[in-house]
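**Student:** Here is the input, now give the coordinates:
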Amino acid sequence: MTELGIDALLCEGGTTLGYYTGVSWGRSERLFAMVLPRTGEAVYVSPAFEESRAREQVGSARLLTWQEDESPYALIRTILADAGTRTATVAVEETTRSFVSERLRSEIPGITLVSGTPITAGCRAVKAPEEIALMEIADDITREVFLAALPTLREGLTEREFAGTISKLFTQYGVSGGALVLFGQASAHPHGLVKEHTLREGDIVLIDGGCSVEGYSSDITRTTVFGKPTEKMREVWRIVRRAQDAALAAARPGVPAERIDAAARSVIVDAGYGPEYKYFTHRLGHGIGLEGHEWYYLVRGNTRPELAGETHSNEPGIYIPGEFGIRLEDELHITPDGARLLLPQAPSLEQIF
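**Tutor:** Predicted coordinates:
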């Protein structure tokens, strides 16, 4: 905050507030927020009728409350004044709702609002060993669920039915989880189609899913086949696996994020599935942690150097309209001297782990 000239950080209820404070609070039209001055302790603003519930979570921290006919933004003005920053530069967490920002501007003269992303995303992106351990548990559960689900594949099964089986299996592990399931030609569309597809002999089966363990997410994709694959399916799978390998080899601290995407994309394009995004239609990966998709992204144009401790999905794919699609996705952990995946890679089209 000092380096960026930021006087205070404001977070509404949500994932980032929970990350910094452990406070779990839903959002409504009534503002609940934390204000963290650059110097001094965090201060919370809560509706007065919620004071008891708020106090349970914030403990002995300073808590200011507002009645239904009062403005919470007047309290934020007081917090800033007490911190000696009446004309403050306030960083707002990126998911802060627009009406909150507008009220801050209109009710606190001289305030300057800037993005809090360099602070919030920057801190959340670099994972501690304990965070990585929780993600590894989530990945391990996802592997077991996918393996347990495969024997239930049968002719005539719908995508929705198979996804339901996966969700029930996650429940048996005591976690919340689910999956996107794509059969046959639907797999040529990365996030599927509205139309429900039914499984037939020889269809590609794409499973993209995960779960949450103590708030930390997994996001794994495996592609297999129901029955005997064609040689084209095998060859496309091998290209995608080589692309995933290339991204893993390219990833290390100091490497720009876009270079990791380029390493995977060049394998696919050089194999004849180009140019550009023609068949590999999306970025290589997204950040992952407390949210399934979070900063930072492995995509062209992101020149930010990688840092040890960051985690991303590594998910190259080839999608052939009217035929099938192949995607492999694993969690990529940037280590001090390179990178690793949190799960063993898929050995073949027929064997997913």
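**Student:** Report the contact partners of the nearest residue to Ala148 once chain neighbours are set aside.
**Tutor:** Of all residues beyond its chain neighbours, the one nearest Ala148 is Leu169 (5.4 Å), with distances taken as Cβ to Cβ, 6 or more residues apart in numbering. C-beta coordinates here come from the backbone N, C-alpha and C atoms, glycine included. By Cβ atoms under 8 Å, 6 or more residues apart in numbering, the contact set of Leu169 is Val145, Ala148, Ala149.
**Student:** ok, and the most crowded of the residues you listed?
**Tutor:** Val145 (28 neighbours; other Cβ atoms under 10 Å).
**Student:** Secondary structure of that residue: a helix, I assume?
**Tutor:** Yes: assessed with DSSP: H, G, I helix; E, B strand; the rest coil, Val145 lies in a helix.
**Student:** how much space between it and His293?
**Tutor:** Taking Cβ to Cβ, to the nearest Å as the measure, Val145 falls 20 Å from His293.
**Student:** swap in Lys127?
**Tutor:** From Lys127 to His293 the distance is 15 Å (Cβ to Cβ).
**Student:** of those two, who's got more company?
**Tutor:** It is Lys127, of Lys127 and His293, that has more neighbours when counted by other Cβ under 10 Å, with 22 against 13.
**Student:** could you list every residue that touches that one?
**Tutor:** Met135, Gly289, Gly309, Glu310, Thr311, His333.
**Student:** Give me the neighbour count for the third one.
**Tutor:** The tally of other residues near Gly309 (other Cβ under 10 Å) stands at 17.
**Student:** what sits against the residue nearest to it when sequence neighbours are not counted?
**Tutor:** Nearest non-adjacent residue to Gly309, counting by Cβ to Cβ, 6+ apart: Val126, 4.0 Å away. When contacts are counted by Cβ under 8 Å, 6+ apart, Val126 touches Leu307, Ala308, Gly309, Glu310.
**Student:** repeat for Asp245
**Tutor:** Gln345.
**Student:** List phi and psi for it.
**Tutor:** phi -60, psi -40 (degrees, to the nearest 10).
**Student:** Which pLDDT value goes with it?
**Tutor:** On pLDDT, Asp245 comes in at 98.
**Student:** Repeat that for the one 3 residues further on.
**Tutor:** Note on Leu248: pLDDT of 98.
**Student:** Surely it is in a helix?
**Tutor:** Yes: counting by three-state DSSP, Leu248 falls inside a helix.
**Student:** which ones are touching it?
**Tutor:** By Cβ under 8 Å, 6+ apart, the residues touching Leu248 are Asn314, Leu332, Ala339, Arg340, Leu341.
**Student:** Are we agreed that the second one is in a helix?
**Tutor:** No: secondary structure assignment places Leu332 outside any helix; it is strand (three-state DSSP).
**Student:** If it is in a bridge, with which residues?
**Tutor:** Going by DSSP bridges, Leu332 is paired in beta bridges with His312, Leu341.
**Student:** show me where pLDDT drops low in the stretch 1-150 of the chain?
**Tutor:** 86 (pLDDT under 70).
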